[in-house]
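Colleague: need a 3D model of the following:
(3 chains)
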Amino acid sequence: MDSIAAKLDELGITLPAPLAPVAAYVPAVEVGGFLYVSGQVSFADGKFITGRLGETVSLDEGIAAARACGLLLLAQAKAALGSLDRVERVVKLGAFIASTNDFTDQPKVANGASELMVAAFGEAGRHTRSAVGVPVLPLGVALEIDAVFAIRTA
Amino acid sequence: MDSIAAKLDELGITLPAPLAPVAAYVPAVEVGGFLYVSGQVSFADGKFITGRLGETVSLDEGIAAARACGLLLLAQAKAALGSLDRVERVVKLGAFIASTNDFTDQPKVANGASELMVAAFGEAGRHTRSAVGVPVLPLGVALEIDAVFAIRTA
Amino acid sequence: MDSIAAKLDELGITLPAPLAPVAAYVPAVEVGGFLYVSGQVSFADGKFITGRLGETVSLDEGIAAARACGLLLLAQAKAALGSLDRVERVVKLGAFIASTNDFTDQPKVANGASELMVAAFGEAGRHTRSAVGVPVLPLGVALEIDAVFAIRTA
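Modeller: As a prediction, this is how the structure comes out:
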């Protein structure tokens, strides 16, 4: 078993099946030592996590939704790379959080994905991030997060 | 004629003149094997496509606006590279779509740009993407899309 | 003194102390010839610049807030690289601007950061950019801007 797979196993983390893109793009592109992963929406246990922070989605539900996005990012990276052991560094997460006009805890919400990356990769999981509020996301989901990873050449 | 130019010609696609940036930045930067292109706003036939999806802009108009952004991205890439044949891969599109709070078809809208990339470059046009709703964009346009391309060294 | 440090000094620009991330991520990651810097929020003179363009934040205040984000981006880059002389090129700024639904001057606002980059680095400071309106940002700040720099290997 790969070391990151073993680590996830030890943490009791099971990666979901990667989602098929809902439109005319691909989940991941590897080029020039980087893996770009398309924005992954909040989806868990077979259904989309919808709604807005500050309204129908609580802070804890938002954190769980961010973690769900993070799991899907890892699932897409694994599907693209064969093994997460090829990840040299998590470089960047871009977090878009459906928010009412007065919800300002986007950083706490996005931590649901950020902490997953550190749990999975340790130091190599420490990444840069932007986290912003948006009024609405595809399919009415609560979160969308995209990612850039640095990759060891195979 | 370059092969991508020939392909666009065959598809009946004419690239617009690249727009000058509306502010203190440049349309494209090539570095380290990548070409970054600044966010291109929806502009066609000499005027900005303004408004919001879910309100004054229909789904079909939104798709056309996304295609207009895609054409401008290609026009900027061509101006920066000399020839689109230097594009090794379309890596990432970041689509920002002016939306009412209840419009959730951002993926269908962004396909207007995504499908153009695949039409122009074939397999090399298959890219990663994020697509999110925003309340408002520069000059009141309906869409803004930025891009990252991987480039063959000259 | 490094040349960029001397240039900033000559311009009367003092970099602020870099801010600690407000959550589980890091300010900057250098990899593969690039430095990614996390979204920096508008903060100056010891306090966050909060509010929305088109409402409680004037155009001039927005431009100043963008410049404050730019100064923090430079402060983070300097802390990560040791010297800003290692910056080969400012590649991309991603500007998120808290806006009312009818405020459409995001490009003028973001220029506060863009012009700082050109002042600091000259030609190497000319970058690509996206600038979009968002309803709300972390801690209620007016702006968040992230960046990608190309870096000379040490």
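Colleague: now the residue most central in space within chain A: how far from A:Ser42?
Modeller: For chain A, the residue sitting closest to the mean C-alpha position, by CA atoms, centre = their mean, is A:Gly70 at 2.5 Å. In this view, A:Gly70 and A:Ser42 are 10 Å apart by CB to CB, to the nearest Å. Every residue, glycine included, has its C-beta placed from N, CA and C.
Colleague: what residues are up against the closest residue to A:Val141 other than its chain neighbours?
Modeller: Nearest residue to A:Val141 in three dimensions, chain neighbours excluded: A:Val41, at 4.2 Å (CB to CB, 6 or more residues apart in numbering or on different chains). Listed by CB atoms under 8 Å, 6 or more residues apart in numbering or on different chains, the contact set of A:Val41 reads A:19, A:48, A:69, A:72, A:137-139, A:141, A:143-144.
Colleague: right, and the residue nearest to the centre of chain A touches A:Ile145 too?
Modeller: Yes: under the criterion of CB atoms under 8 Å, A:Gly70 makes contact with A:Ile145 at 6.8 Å.
Colleague: quick one: common contacting residues for those two?
Modeller: A:93, A:113.
Colleague: wait, what's in contact with whichever residue of chain A sits closest to chain B?
Modeller: Residue of chain A nearest chain B, by CB to the nearest CB: A:Gly39 (3.4 Å). By CB under 8 Å, 6+ apart, the residues touching A:Gly39 are A:94, A:96, A:144-146, B:129-132.
Colleague: would you reformat these as a markdown table and include neighbour count, pLDDT and distance to C:Ala6?
Modeller: Shown next, in a markdown table, are the contacts of A:Gly39 (neighbours: other CB atoms under 10 Å in any protein chain shown; pLDDT from 0 to 100; distance: CB to CB, whole Å):
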| residue | neighbour count | pLDDT | distance to C:Ala6 |
| --- | --- | --- | --- |
| A:Gly94 | 22 | 98 | 34 |
| A:Phe96 | 31 | 98 | 39 |
| A:Glu144 | 26 | 98 | 43 |
| A:Ile145 | 28 | 98 | 40 |
| A:Asp146 | 23 | 98 | 38 |
| B:Arg129 | 28 | 98 | 42 |
| B:Ser130 | 26 | 98 | 39 |
| B:Ala131 | 32 | 97 | 44 |
| B:Val132 | 26 | 98 | 41 |
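Colleague: put together CSV for those, with secondary structure and distance to C:Val90 on each row.
Modeller: Formatted as CSV, the contacts of A:Gly39 follow (DSSP: H, G, I helix; E, B strand; the rest coil; distance: CB to CB, whole Å):
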residue, secondary structure, distance to C:Val90
A:Gly94, strand, 19
A:Phe96, strand, 24
A:Glu144, strand, 27
A:Ile145, strand, 25
A:Asp146, strand, 22
B:Arg129, strand, 24
B:Ser130, strand, 22
B:Ala131, strand, 26
B:Val132, strand, 24
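Colleague: for chain A, just list every one of the helices.
Modeller: A:3-10, A:59-81, A:106-121 (DSSP state H).
Colleague: dump those to CSV, plus mean pLDDT and distance to chain C.
Modeller: Listed next are the helices of chain A as CSV, based on pLDDT from 0 to 100; distance: least, CB to the nearest CB, whole Å:
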stretch, mean pLDDT, distance to chain C
helix A:3-10, 89, 17
helix A:59-81, 96, 11
helix A:106-121, 96, 4
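Colleague: of these, which approaches B:Gln106 most closely?
Modeller: helix A:59-81 (15.9 Å; CB to CB).
Colleague: tell me the buried residues in the closest one?
Modeller: Residues of helix A:59-81 classed as buried: A:61-78, A:80-81 (neighbour count, 16 or more other CB atoms under 10 Å in any protein chain shown).
Colleague: chain A against chain B: which residues are in contact?
Modeller: A:21-29, A:31-32, A:36-39, A:94, A:96, A:134-140, A:144, A:146 (CB under 8 Å from any CB of the partner chain).
Colleague: restricted to strands, list those residues.
Modeller: Judged by DSSP state E, the subset of these located in strands is A:28-29, A:31, A:36-39, A:94, A:96, A:134, A:144, A:146.
Colleague: residues in contact with the closest residue to A:Leu8 other than its chain neighbours?
Modeller: Nearest non-adjacent residue to A:Leu8, counting by CB to CB, 6+ apart: A:Ala120, 6.0 Å away. Contacts for A:Ala120 (CB under 8 Å, 6+ apart) come out as A:4, A:7-8, A:11, A:13, A:74, A:84.
Colleague: quick one: which of these is most hemmed in?
Modeller: Neighbour counts for the contacts of A:Ala120, by other CB atoms under 10 Å in any protein chain shown, peak at A:Leu74, which reaches 28 neighbours.
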